[in-house]
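Visitor: generate coordinates for the sequence data below:
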Amino acid sequence: MMDDLLRLSGAVRRDPRIEAWFSAFDPLRLTVRTAFERMRGCGADVRELLHDGCPVACVADAPFGYVNAFKAHANVGFYHGAMLADPAGLLEGEGKRMRHVKLRPGKVLEVEALQDLIEAAYRDIRQRLGVV
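Guide: Residues are numbered from 1 along each chain as shown. Below is the predicted model of the structure:
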């Protein structure tokens, strides 16, 4: 299972490029900032980097979540989201592993359910890494 993990080099405790990403005036980026702060707060072992132009949260070099903003919506994504329990039905996507929660202006977000997904993704990557 461990050999099957995506690995990203360069993750650090706090990446200043991520603050710059959030500082760009974009209301949709601001909508996902809280979710990314929650990823950061999952544990002392969380690291981050800017990958493919968006903020990514990792444990060691293994990513578990990301945020991104587009023209009409923003995403909170999970690298192993297909394996996460999602009783609120927030996750979207058809890929083998990745899933995301789509945030749209004016649409009510189930904050507690999203928090549960973030925490579950963090626990999941730690388990996959064998650091539980």
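Visitor: is it true that residue 105 touches residue 69?
Guide: No: between residue 105 and residue 69 there is no contact under CB atoms under 8 Å: 11.1 Å. C-betas here are computed from N, CA, C, even on glycine.
Visitor: looking at those two, which has the bigger crowd around it?
Guide: residue 69 (21 against 10; other CB atoms under 10 Å).
Visitor: partners of the more buried one in the sheet?
Guide: Judged by DSSP bridges, the bridge partners of residue 69 are residue 74.
Visitor: could you check how far it is from residue 127?
Guide: Counting by CB to CB, to the nearest Å, the separation of residue 69 from residue 127 is 30 Å.
Visitor: over to residue 15?
Guide: 25 Å.
Visitor: neighbour-wise, which of these two wins?
Guide: residue 15 (18 against 12).
Visitor: got the contact list for the more buried one?
Guide: When contacts are counted by CB atoms under 8 Å, 6 or more residues apart in numbering, residue 15 touches 48, 49, 50, 55.
Visitor: who's in contact with the residue nearest to residue 17 when sequence neighbours are not counted?
Guide: Nearest residue to residue 17 in three dimensions, chain neighbours excluded: residue 50, at 4.4 Å (CB to CB, 6 or more residues apart in numbering). Applying CB under 8 Å, 6+ apart, we find residue 50 in contact with 15, 17, 18, 21, 56.
Visitor: the protein: helices as residue ranges?
Guide: Secondary structure of the chain, counting by DSSP state H: helices at 16-23, 27-40, 111-129.
Visitor: in a markdown table, list those helices along with distance to residue 6.
Guide: Below are those laid out as a markdown table (distance: least, CB to CB, whole Å):
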| stretch | distance to residue 6 |
| --- | --- |
| helix 16-23 | 19 |
| helix 27-40 | 16 |
| helix 111-129 | 10 |
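Visitor: dump those helices to JSON lines, plus mean pLDDT and distance to residue 91.
Guide: Putting the helices of the chain into JSON lines (pLDDT from 0 to 100; distance: least, CB to CB, whole Å) gives the following:
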{"stretch": "helix 16-23", "mean pLDDT": "95", "distance to residue 91": "23"}
{"stretch": "helix 27-40", "mean pLDDT": "94", "distance to residue 91": "13"}
{"stretch": "helix 111-129", "mean pLDDT": "97", "distance to residue 91": "7"}
